[in-house]
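> Got a predicted structure here, sequence first:
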Amino acid sequence: MDKSNGYEHNATTFIRCRSKGVNGVGAPSVRQWARSLPANATVLDVGCGAGDPISKALVNEGLTVYGIDASPSMVQSFKQNFPNIPVACEAAEDSSFFNRQFDAVIAWGLLFLLPEETQKVVIKKMANALDAGGKLLFTAPSQKMKWEDAITEIASISLGAEKYKELLTASGLSLIEEFEDEGENHYYHAVKAA
């Protein structure tokens, strides 16, 4: 089974389409979120891809970033873009998350690529990887829906806002806010109880 959900096979296309520097879709929203974190916070980027623009936005805000991605090609590109940042080639559901806790975890454009049961596992794992008071930010449509991924043509699944809220609560997180960015990506911003 392809743990990268088709992204290894399409890595070159994805990297070319996604790498737009500081102005890539989502980067302004991620920068704003990063400013809500403590100075020098440690952030795990789950499904980091090549790191551009999301990890880049976090680094530019002075945060200490760690990355994981299931695609070997994406991880190789990430290493070239950020040679001093720890990155692991692991699927989110299998990752050890560097065997550490983080001030924040972000999963931009990842969860809905995973099967429903895997999404549940990954949300719980991300919550467990947060320090008390840590923040989680992820993207997924607010509507419950299925569609074909534009790059991989593999089914994507949004569990919908109500289900995501339920999963966050069950994982010990409180939803702070929901918002959308310039690309109409829907964000869930949650915090772990202190």
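Arrived safely.
> Flag the shaky bits of this structure, pLDDT-wise.
The model of the chain has pLDDT under 70 over residues 1-2, 4-23.
> ok, which stretches of it are helices?
Under the criterion DSSP state H, the chain contains helices at 11-18, 27-34, 54-60, 72-81, 116-128, 161-170.
> P53 contacts G24, correct?
Yes - P53 is within contact range of G24, at 3.1 Å (criterion: Cβ atoms under 8 Å). For the C-beta atoms, the positions are set from N, CA and C on the backbone; glycine is no exception.
> Distance to M145 and mean neighbour count for the helices of the chain - can I get that in a markdown table?
Formatted as a markdown table, the helices of the chain follow (distance: least, Cβ to Cβ, whole Å; neighbours: other Cβ atoms under 10 Å):
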| stretch | distance to M145 | mean neighbour count |
| --- | --- | --- |
| helix 11-18 | 22 | 16 |
| helix 27-34 | 21 | 20 |
| helix 54-60 | 23 | 24 |
| helix 72-81 | 26 | 19 |
| helix 116-128 | 12 | 18 |
| helix 161-170 | 11 | 16 |
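> So which of P53 and G24 has more stuff around it?
The neighbour count for P53 versus G24, taken as other Cβ atoms under 10 Å, is higher for P53 (24 against 18).
> measure the residue most central in space within the chain to F82 for me?
The C-alpha lying nearest the average C-alpha coordinate of the chain belongs to A107 (Cα atoms, centre = their mean; 1.2 Å). Note on A107: its distance to F82, by Cβ to Cβ, to the nearest Å, is 18 Å.
> now E178
29 Å.
> Looking at those two, which one has more neighbours?
With neighbours defined as other Cβ under 10 Å, E178 and F82 compare such that F82 has more, 19 against 14.
> Disregarding flanking residues, what is the spatial nearest neighbour of that one?
Leaving aside its chain neighbours, F82 sits nearest to G51 (5.4 Å; criterion: Cβ to Cβ, 6 or more residues apart in numbering).
> got it, and E90?
Per Cβ to Cβ, 6+ apart, closest to E90 is I68, 5.1 Å.
> ok now do that neighbour, which residues does it touch?
Going by Cβ atoms under 8 Å, 6 or more residues apart in numbering, I68 touches L44, D45, V46, G47, C48, V87, A88, C89, E90, A92, S95, F97.
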